[in-house]
Structures are given as C-alpha cells and as structure tokens.
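[1] build me a structure from this.
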Amino acid sequence: MASDDLLQAHEVPFGDSSVLLDNVPPLDPTLYSLSPEEAAFFKATTRIDNDEALKAHILIAQEKAYQVAPYPCIYGFGFLRMAITKQPKYHDIVRMGRERENAIFLDIGCCFAVDARKVASDG
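    Residues are numbered from 1 along each chain as shown. Prediction:
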C-alpha cells in the first residue's frame with residue numbers, strides 16, 4: 001500500500017475529547033471473507049440469507065465502527081472470526097453455561113461481542 005493510500009489523520013472520540021491518529025489506512029473490502037461456519041452463524045443471527053446482502057450489511061457495520069475506532073481487528077475483519085470456538089475449553093464453557101443456573105460469561109475486550117454471541121447461541 002502506497003503512503004498516498006493512508007489517511008493523513010483520523011480524529012477518534014475519546015471521553016469528552018478526541019485523539020488524532022496518524023496513518024489510518026482506508027478500508028479494503030477485498031479482505032472480507034467468511035468461513036462456512038461463520039457465514040452460517042451470521043446468517044442465523046442477522047436473518048440475512050443472501051451472501052451479497054450479508055456482505056453489504058457487514059461492510060456497513062465495519063465502516064461505522066472504523067469511523068469511531070480504526071482498530072486493526074475492524075480493518076482486517078478480525079471481529080468476524082469467532083476465535084473462541086477454536087479454544088480447547090470451548091465445549092466446557094458451553095457445557096457450564098447449560099448446566100449452571102444463572103451462569104455468566106464475561107468477554108472482556110470483545111469488539112463486536114461475536115464470541116459472546118456465539119457462546120450464547122451454542123449454549
């Protein structure tokens with residue numbers, strides 16, 4: 001990516017003021033991809049069955065979020081990955097949620113809360 005492709009600065013809200021970030025790259029929709037598992041999850045949770053309509057929905061959400069917080073996980077679609085399902089203890093977490101009365105799952109630093117929604121969906 002050429003330096004001309006970088007935005008010169010991006011003002012991000014921070015409490016009662018804002019922070020000026022330098023060299024924020026513009027979004028690149030060609031980075032968008034979903035695995036079959038991710039596509040099924042997002043189709044079920046959004047009730048959008050059409051692949052192109054789902055992509056458009058996700059790109060709009062990405063753009064809105066990136067305007068507020070231009071984080072790399074938003075830029076690179078990391079928020080779509082449901083990383084928790086790849087953890088060795090994932091099935092134990094889901095089982096505890098089913099078996100324990102008033103179980104609580106706390107996901108700290110969750111961006112779009114996709115992992116938390118996946119845990120809730122599975123258990």
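
[2] remind me, longest helix of the chain?
    helix 51-68 (DSSP state H).

[3] tell me what the following helix or strand past it is packed against?
    Moving toward the C-terminus from helix 51-68, the first helix or strand encountered (DSSP states H and E) is helix 72-75. Counting contacts by 3 or more CB pairs under 8 Å, 6 or more residues apart in numbering; DSSP states H and E, helix 72-75 is packed against helix 51-68. Where you see a C-beta, it was placed from the backbone N, CA and C, and this is true even at glycine.

[4] list the helices and strands the helix it packs on packs on?
    Counting contacts by 3+ CB pairs under 8 Å, 6+ apart, helix 51-68 packs against helix 36-46, helix 72-75.

[5] compare those and say which comes out lowest on pLDDT.
    When the helices and strands packed on helix 51-68 are compared by mean pLDDT, helix 72-75 comes last with a mean of 92.

[6] starting at the chain centroid, how far to that helix?
    8 Å (CA atoms, centre = their mean, to the nearest Å).

[7] one more: stretch 56-71?
    9 Å.

[8] which of the residues in it are buried?
    The neighbour-count check on stretch 56-71 (16 or more other CB atoms under 10 Å) flags Ile58, Gln62, Ala65, Tyr66, Pro70 as buried.

[9] what about the closest residue to Ile84 other than its chain neighbours, neighbour count?
    Nearest residue to Ile84, sequence neighbours excluded (CB to CB, 6 or more residues apart in numbering): Asp115, at 4.0 Å. Here the count is done by other CB atoms under 10 Å, and Asp115 has 21 residues near it.

[10] then Asp115 would be within a strand, right?
    No: residue state for Asp115 (DSSP: H, G, I helix; E, B strand; the rest coil) corresponds to helix; a strand is not indicated.

[11] now do the contacts for it.
    Each residue near Asp115 by CB atoms under 8 Å, 6 or more residues apart in numbering is listed here: Met82, Ala83, Ile84, Asp107.
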